[in-house]
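Visitor: need a structure here:
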Amino acid sequence: MPKNVAQARARESLDKGRRLSPENIDGLHLLADVVVSNTHDFACAKRILESALSLDPKNARSQHYYSQLLSGMGQFDLAFQHADTAIAYADAATRTFVLSNLGRPRYMAGQYDWVLTQYKASDRDASLAHFYRSLAYGSLGKFSEALSEAKAYLSGDPARDAGGLGMVALAYANAGQKDSARALLNELLQRDARGEHVVEYRIAAVYAVLGEQNEAFRWLQKQIDDAEGLGSWLVC
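Guide: Numbering: from 1, shown residues only. Next up, the predicted model:
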């Protein structure tokens, strides 16, 4: 089934589910994600999550998803306020989930020192902590440190997540280890050829560092065409 058809059907099913159970907060979370995936309509997704918050302002996941969405809209100060609220209301399991995802908005906001210090203190050895510390070091031009964090991330990712591989390939490329970067890049290209999920903007970034600008722009265009869900922001 074509991806756009599958997404449209998913949204239709979620819409029907919401009408049957309008106070299903988990359903609202899913619907907001599908809206961003299908239409890139952040304003609509924002209203959906605000509906969830109106039903239960103390729902930590609603606060967290709202924070993530606001980050994608560039409203960082408000996003961080809702992230703090999510932590305040979270139970133990949800708190771990929220803390492990704090790095992305801070990285997006250019708060690299926060990523390297606060993230480390709250979740030192989590895979996402290594992931975003690598990106933060790279943004600061500290490519050796970025590569060390990337390797630490990869050692804890036996499934070899596509986004993670793209990040590690970028770290190798920035560190001047182009053969290693290309090996990982080729693995991602093979996955794409098989129809498997890849993160296009990370592939574009690797090509850019390798000096292949035409390929970089081609993959950026693919990202624009295929962007999906609350995690599809190019600035990441």
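Visitor: quick one, what contacts residue 90?
Guide: 60, 97-98 (C-beta atoms under 8 Å, 6 or more residues apart in numbering). Quick note: C-beta positions are derived from backbone N, CA and C, even for glycine.
Visitor: Can you go through the residues you listed and name the buried ones?
Guide: Using 16 or more other C-beta atoms under 10 Å as the burial test, the contacts of residue 90 include 60, 98 as buried.
Visitor: how about JSON lines for the contacts of residue 90, with secondary structure added?
Guide: Shown next, in JSON lines, are the contacts of residue 90 (DSSP: H, G, I helix; E, B strand; the rest coil):
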{"residue": "60", "secondary structure": "helix"}
{"residue": "97", "secondary structure": "helix"}
{"residue": "98", "secondary structure": "helix"}
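Visitor: Give me the residue ranges of this protein where confidence is low.
Guide: Low-confidence segments of the chain (pLDDT under 70): 1-22, 120-125, 227-236.
Visitor: can you pull out the helices in it?
Guide: Using DSSP state H, the helices of the chain run over residues 3-20, 25-39, 42-55, 60-72, 76-89, 92-100, 103-108, 112-122, 127-139, 143-155, 162-174, 178-193, 200-209, 213-226.
Visitor: Need phi/psi at residue 211.
Guide: Dihedral pair for residue 211: phi 90, psi 10, per degrees, to the nearest 10.
Visitor: Near it, how many other residues are there?
Guide: By other C-beta atoms under 10 Å, 10 other residues sit near residue 211.
Visitor: before we move on, back to that, ok, so of the contacts of residue 90, who is nearest residue 34?
Guide: Closest approach to residue 34 among those (C-beta to C-beta): residue 97, at 20.2 Å.
Visitor: Next, count neighbours for the residue nearest to residue 81 when sequence neighbours are not counted.
Guide: Once flanking residues are discounted, residue 81 sits nearest to residue 67: 8.0 Å by C-beta to C-beta, 6 or more residues apart in numbering. Look at residue 67: counted by other C-beta under 10 Å, it has 27 neighbours.
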